[in-house]
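Enquirer: Structure for the following, please:
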Amino acid sequence: MRDEAHGPKPDPEPSCRAEAGTVCTGEERGPTRPRWRRGNRPAPSAQVSASPIYAAIDLGTNNCRLLVARPTSRGFRVVDAFSRIVRLGEGLTNSGRLCDEAMARATVALDICASKMHMRGVTRARIIATEACRSAGNGEEFCAQVQKRTGLVLEVVDRRTEAGLAAAGCAPLVDPHSEGAVLFDIGGGSTEVVWLGRRGAGDDGPPRARVRSWVSLPVGVVSLSERYGGERVSRDVFRRMVLEVRGMLEGVREEWGVRRCDRIHLLGTSGTVTTVAGIHLGLERYDRMRVDGAWLRTHDVEGVIDRLMDMSFDERVSNPCIGAQRADLVLAGCAIMEAIRAVFPAERLRVADRGLREGMLVQLMRADGAWRRPQGSAHETPTHGEVKA
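Expert: Next up is the predicted model:
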């Protein structure tokens with residue numbers, strides 16, 4: 001299932017900064033679980049807590065991520081989370097199909113997610129799959145296998161939806177004193193670039209995203225590293241990767257009418273950007289509280305990339321902010337980021353350790369009226385899915 005790379009404005013829902021909560025990564029399995037369809041309530045046999053519990057799963061080309069949360073007065077509190085690199089899109093560029101090993105890895109991860117949802121008594125959920133399942137010839141077959149094994153029904157979203165959810169997840173990090181931000185979400189198989197205006201308001205919940213334009217690039221860290229190699233990347237190879245991605249953005253800035261990049265900032269959400277931030281901060285172990293919302297200047301980004309280019313593959317593996325599972329992908333991600341920075345040369349880059357999952361959670365919560373203003377409030381509540389221009 002594919003859609004046009006350029007299109008009309010997505011219909012994003014905003015998100016908020018996830019409050020601190022328990023992060024679990026065990027592989028426990030619970031008893032028989034309900035089958036989860038988009039937005040459905042669980043079967044009566046599922047254990048449901050007194051207050052609503054929401055879950056969001058994002059199955060990408062590289063990662064499988066789960067977030068479980070409950071609404072608070074103006075946002076939500078995370079009660080469980082899970083993340084695993086599964087490389088679902090491994091070999092997809094050459095074969096056009098998902099390989100058996102990759103599907104098995106992803107299914108195991110999704111089975112863990114289903115167990116966690118059941119044990120937490122999740123009452124509402126959304127489960128999406130992105131570029132790997134969109135483009136694979138056997139994507140539908142894989143989704144059927146997942147449903148049979150785990151009870152999870154994957155919703156294969158188009159690029160328009162993915163761009164909108166990325167915007168929704170990061171809307172609270174747009175600097176209210178700027179004229180907006182260019183958000184980029186570097187995935188394993190695609191990269192979404194979204195021009196956001198100033199943060200929108202509405203009910204008493206988190207700010208709404210205000211999407212002006214967007215584009216989806218058919219390239220991500222997995223596909224680019226498979227074409228150019230990820231273990232040994234010379235400066236010449238890095239330059240060629242940057243040029244390839246920059247060519248995909250030819251004319252986008254002019255088409256959008258972004259004239260003054262000094263009045264906006266960049267907003268990056270991906271493992272690449274959080275890795276660069278962690279290295280810049282000199283973290284001995286990754287710390288989300290220090291990374292999410294951090295600001296990087298041009299010379300900060302360039303300094304980290306220079307350091308990465310001088311590292312051997314083994315040195316990247318041993319770096320606590322990279323590790324073995326990202327060591328062959330990080331330079332491909334930096335090349336995509338550099339292409340975006342070349343087209344939109346803003347001095348400031350804000351780092352987001354958030355994205356699609358947060359967007360899905362707030363979409364579900366807002367649809368249920370979690371932050372609806374009482375009747376008679378001085379401010380009218382926008383309708384679900386409204387994009388404020």
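
Enquirer: State the helix or strand in which residue 166 lies.
Expert: helix 159-170 (DSSP states H and E).

Enquirer: wait, doesn't residue 324 sit right on residue 317?
Expert: Yes. The pair residue 324 / residue 317 is scored as a contact, 4.9 Å apart, by Cβ atoms under 8 Å. C-beta coordinates here come from the backbone N, C-alpha and C atoms, glycine included.

Enquirer: In the stretch 201-350 of the chain, what residue spans correspond to helices?
Expert: Using DSSP state H, counting those that start in this stretch, the helices of the stretch 201-350 of the chain run over residues 221-228, 235-248, 252-256, 271-281, 288-291, 298-310, 313-318, 330-343.

Enquirer: quick one: which of the ones you listed is nearest residue 363?
Expert: helix 288-291 (22.0 Å; Cβ to Cβ).

Enquirer: what comes up buried for that closest one?
Expert: Going by neighbour count (16 or more other Cβ atoms under 10 Å), the buried part of helix 288-291 is residue 291.

Enquirer: per-residue confidence averaged over it?
Expert: The predicted model gives helix 288-291 an average pLDDT of 93.

Enquirer: Tell me, how many residues neighbour residue 266?
Expert: Residue 266: 25 surrounding residues under other Cβ atoms under 10 Å.

Enquirer: And for residue 348?
Expert: Using other Cβ under 10 Å, the number of residues around residue 348 comes to 18.

Enquirer: That one contacts residue 267, doesn't it?
Expert: No. Between residue 348 and residue 267 there is no contact under Cβ under 8 Å: 9.5 Å.

Enquirer: what's the closest of the helices of the stretch 201-350 of the chain to residue 73?
Expert: helix 288-291 (20.9 Å).

Enquirer: just for the stretch 251-389 of the chain, where's the confidence low?
Expert: Applying pLDDT under 70 to the stretch 251-389 of the chain flags residues 373-389.

Enquirer: doesn't residue 369 fall inside a helix?
Expert: No. Assigned with DSSP: H, G, I helix; E, B strand; the rest coil, residue 369 falls outside any helix and is coil.

Enquirer: Against residue 165, how distant is it?
Expert: To residue 165, residue 369 is 20 Å away according to Cβ to Cβ, to the nearest Å.

Enquirer: do the same with residue 57
Expert: Distance of residue 57 to residue 165, computed by Cβ to Cβ: 12 Å.

Enquirer: Please say which of those two ends up with more neighbours.
Expert: Neighbour comparison, residue 57 and residue 165: the larger count goes to residue 165, with 32 against 28 (by other Cβ under 10 Å).

Enquirer: Can you tell me how far the more buried one is from residue 242?
Expert: To residue 242, residue 165 is 27 Å away according to Cβ to Cβ.

Enquirer: How about the backbone phi and psi for the closest residue in space to residue 123 that isn't next to it in sequence?
Expert: Nearest residue to residue 123, sequence neighbours excluded (Cβ to Cβ, 6 or more residues apart in numbering): residue 52, at 4.8 Å. Torsion angles at residue 52 (phi, psi; degrees, to the nearest 10) stand at phi -60, psi 140.

Enquirer: Over to residue 324?
Expert: Reported as degrees, to the nearest 10, the phi and psi values for residue 324 are phi -70, psi -30.

Enquirer: list the contacts for it?
Expert: residue 317 (Cβ atoms under 8 Å, 6 or more residues apart in numbering).

Enquirer: My read is that residue 74 contacts residue 205, right?
Expert: Yes. Contact status for residue 74 versus residue 205: in contact at 6.3 Å, counting by Cβ under 8 Å.

Enquirer: So between the two, which is more surrounded?
Expert: Shown here are residue 74 and residue 205; by other Cβ under 10 Å, residue 205 has more neighbours (26 against 12).

Enquirer: Residue 72 versus the more buried one, what's the distance?
Expert: 10 Å.

Enquirer: can you list the weak-confidence ranges in the stretch 51-200 of the chain?
Expert: Those would be 200, if you go by pLDDT under 70 across the stretch 51-200 of the chain.

Enquirer: now the helices for it?
Expert: Counting by DSSP H, counting those that start in this stretch, one finds helices in the stretch 51-200 of the chain at the ranges 92-95, 100-119, 131-135, 139-150, 159-170.

Enquirer: buried set for the longest one?
Expert: Of the residues in helix 100-119, those buried under the neighbour-count criterion (16+ other Cβ under 10 Å) are 102-103, 105-119.

Enquirer: ok, for residue 273, nearest residue in space, not its chain neighbours?
Expert: residue 351 (5.3 Å).

Enquirer: count of neighbours near that neighbour?
Expert: Count around residue 351 with other Cβ under 10 Å applied: 26.

Enquirer: element containing it, please.
Expert: For residue 351, the host element (DSSP H and E) is strand 348-352.

Enquirer: elements contacting that strand?
Expert: Counting contacts by 3 or more Cβ pairs under 8 Å, 6 or more residues apart in numbering; DSSP states H and E, strand 348-352 is packed against strand 265-269, helix 271-281, strand 295-297.

Enquirer: got a markdown table for the ones you listed, with distance to residue 91 too?
Expert: Shown next, in a markdown table, are the helices and strands packed on strand 348-352 (distance: least, Cβ to Cβ, whole Å):
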| stretch | distance to residue 91 |
| --- | --- |
| strand 265-269 | 26 |
| helix 271-281 | 20 |
| strand 295-297 | 33 |
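
Enquirer: Compare those and give me the one nearest residue 81.
Expert: helix 271-281 (14.8 Å).

Enquirer: And that closest one, how far out from the chain middle?
Expert: Computed by Cα atoms, centre = their mean, to the nearest Å, the chain-centroid distance of helix 271-281 equals 15 Å.
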